[in-house]
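Q: have a look; sequence and predicted model below, questions after that.
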Amino acid sequence: MSIDIPAGRYALDPVHSFLQFATHFVGARVRGTFRGLSGHLEIAEDLTKSSVQAQIDVTTLSTGVSARDDHLRSADYFDAANHPVATFASSGLVPDGDRFLLAGDLTIRGTTRSVELEVRFSGDGEDQTGAFRMGFTAYGRVSRSAFGVNGNVSKVGGPLLIGDTTDITLELQTTRES
């Protein structure tokens, strides 16, 4: 299947984009979001030569529970006071049927690791102001401890309360730059 994605430079729309995460906490899944996304996409005529640069404002983390949010922003987890921004820089894009596999370097708490995201094109079109927009959804799974996000408590000899594997979903809307 061929996907027609118009070439050009696109800015992430921070109002219509977010990153959601979910991780295991004692028998349930805790979900949260980061609303502070910025960055741009360079869509090349040859899609495999396209690139993505993105920044995530860690201070915008929200799980809906302010005490938990404050703890997650603390040095136990994201250390937002010293590392307020996480970054992603793509290193490769491979078409795979109706999706793409996007490889890149994710940096959290000053630690960079390679990650792979499954990306799906959601569509495009002009909005009410005439701006050309495109949407994408991306999925991935990361080990939070690989980035030094290690906070966890348990009873002595007991199981860890928070899982290491974190699922991430990005809903992205972009606007073509002039």
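A: Arrived safely, thanks for sending.

Q: for this protein, what spans make up the strands?
A: Under the criterion DSSP state E, the chain contains strands at 8-12, 18-25, 28-34, 37-43, 51-57, 61-62, 85-96, 99-108, 111-126, 132-143, 162-176.

Q: low pLDDT regions in this structure?
A: 1-2, 151-161 (pLDDT under 70).

Q: returning to that earlier point: need the strands of the chain in TSV with distance to Asp79 and mean neighbour count, can you?
A: C-beta coordinates here come from the backbone N, C-alpha and C atoms, glycine included. Listed next are these as TSV, based on distance: least, CB to CB, whole Å; neighbours: other CB atoms under 10 Å:
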stretch	distance to Asp79	mean neighbour count
strand 8-12	24	18
strand 18-25	16	17
strand 28-34	15	15
strand 37-43	19	18
strand 51-57	14	19
strand 61-62	12	18
strand 85-96	11	16
strand 99-108	9	18
strand 111-126	11	14
strand 132-143	17	17
strand 162-176	16	18
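
Q: could you dump the ones you listed into TSV with distance to Arg68 added?
A: Shown next, in TSV, are the strands of the chain (distance: least, CB to CB, whole Å):
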stretch	distance to Arg68
strand 8-12	27
strand 18-25	9
strand 28-34	8
strand 37-43	21
strand 51-57	18
strand 61-62	10
strand 85-96	19
strand 99-108	18
strand 111-126	23
strand 132-143	19
strand 162-176	11
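
Q: show me the one of the ones you listed that comes nearest Asn150.
A: strand 162-176 (9.0 Å; CB to CB).

Q: list the helices and strands the closest one packs on?
A: strand 8-12, strand 18-25, strand 37-43, strand 132-143 (3 or more CB pairs under 8 Å, 6 or more residues apart in numbering; DSSP states H and E).

Q: what's the closest of those strands to Arg176?
A: Nearest of the helices and strands packed on strand 162-176 (CB to CB): strand 132-143, 4.3 Å.

Q: convert the C-alpha atoms of the closest one to PDB, please.
A: What follows is strand 132-143, C-alpha atoms only, in PDB (Å, rounded to 0.1, in the frame of the first residue of the first chain):
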ATOM      1  CA  PHE A 132      -2.500  22.600   5.600                       C
ATOM      2  CA  ARG A 133      -2.400  20.000   8.400                       C
ATOM      3  CA  MET A 134      -1.300  16.400   8.800                       C
ATOM      4  CA  GLY A 135      -1.900  14.000  11.600                       C
ATOM      5  CA  PHE A 136       0.100  11.000  12.900                       C
ATOM      6  CA  THR A 137      -0.200   8.500  15.700                       C
ATOM      7  CA  ALA A 138       2.900   6.800  17.000                       C
ATOM      8  CA  TYR A 139       3.300   3.900  19.400                       C
ATOM      9  CA  GLY A 140       6.300   2.600  21.300                       C
ATOM     10  CA  ARG A 141       7.500   0.800  24.400                       C
ATOM     11  CA  VAL A 142      10.500   1.900  26.500                       C
ATOM     12  CA  SER A 143      12.300   0.700  29.700                       C
END
